[in-house]
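In: Task: produce atomic coordinates for the following.
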Amino acid sequence: MRSKSRHLLTLVAVLFLVRGSAEAQNSVMLSGTVSETVALSVPPWFANSNMDVVSIGGNTVRIMMSGDSQSSLVRVPLLVRSNSSFKVSAVFESNTAKLSQLMVTDVHATGTLVSSQVVNALNVKKEIDPDVSQPLLVLSGPRVSLGGTLNSPNNALQVTLLVHIKPQSGQRWAVQLTFTATAAPLVQ
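Out: From the prediction side, this is the model:
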């Protein structure tokens, strides 16, 4: 009889442990991190004969332009995608021309996966002082994209900039304008 009691007690203990183990398996703990990402690009249709557009590393767009001795006015559309707050800055470089104006003229969502608050929450520099030799802050704002990928057509903010270039002393000119987007932390 002792042997049967012992086996019964062992069976009860095993069932108790199996039940406790099964209950423990029903709860799962998941942890992870999300990288802050900002992507900057231009629409595929943007370019012309005196312009070369290069995307560098996903968050930088470099535009190289040249022209004759006349001033030039160019509209540059930038597409901003981000899962966090962001800033876009510009650097102008040239030995043959000056930046006489850099201005944000239009901002709009490209589709349904753009946050509805982003356009109204932007900090846009309407007119930017062209005499500054360091990066110029163009705009900053909250998260843009609610979903999609870095190439989705409906999750970007399109920002159109007006760039006015004046050649020095009536000569042929060449300039390089580099736009860079940086992310801000998701939790502040």
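In: sec struct for the closest residue to residue 156 other than its chain neighbours, please.
Out: Spatial nearest neighbour of residue 156, excluding adjacent residues (C-beta to C-beta, 6 or more residues apart in numbering): residue 79 at 4.1 Å. The C-beta positions use only the backbone N, C-alpha and C, and glycine is treated the same way. When classified by DSSP: H, G, I helix; E, B strand; the rest coil, residue 79 comes out as strand.
In: mind listing the helices for the chain?
Out: Assigned by DSSP state H, the helices in the chain fall at 2-25, 118-121.
In: Only alpha carbons, please: show stretch 38-52 as CSV.
Out: Provided in CSV are the C-alpha atoms of stretch 38-52 (Å, rounded to 0.1, in the frame of the first residue of the first chain):
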residue,chain,number,x,y,z
VAL,A,38,14.5,59.7,-41.2
ALA,A,39,14.7,59.2,-44.9
LEU,A,40,15.1,62.1,-47.4
SER,A,41,14.7,61.9,-51.1
VAL,A,42,13.4,63.7,-54.2
PRO,A,43,10.4,62.5,-56.3
PRO,A,44,11.5,60.4,-59.3
TRP,A,45,10.3,63.1,-61.8
PHE,A,46,12.6,65.8,-60.3
ALA,A,47,15.7,66.7,-62.4
ASN,A,48,16.6,68.6,-65.5
SER,A,49,19.5,69.1,-67.8
ASN,A,50,21.6,71.4,-65.6
MET,A,51,21.1,69.4,-62.4
ASP,A,52,22.5,66.2,-60.9
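In: ok so, going back, comparing the helices of the chain by mean pLDDT, which bottoms out?
Out: Lowest mean pLDDT of the helices of the chain: helix 2-25, a mean of 56.
In: Show me which positions of the lengthiest strand in the chain end up buried.
Out: When the chain is parsed with DSSP state E, its longest strand is strand 97-109. Under the neighbour-count criterion of 16 or more other C-beta atoms under 10 Å, strand 97-109 has 97, 98, 99, 102, 104, 107, 109 buried.
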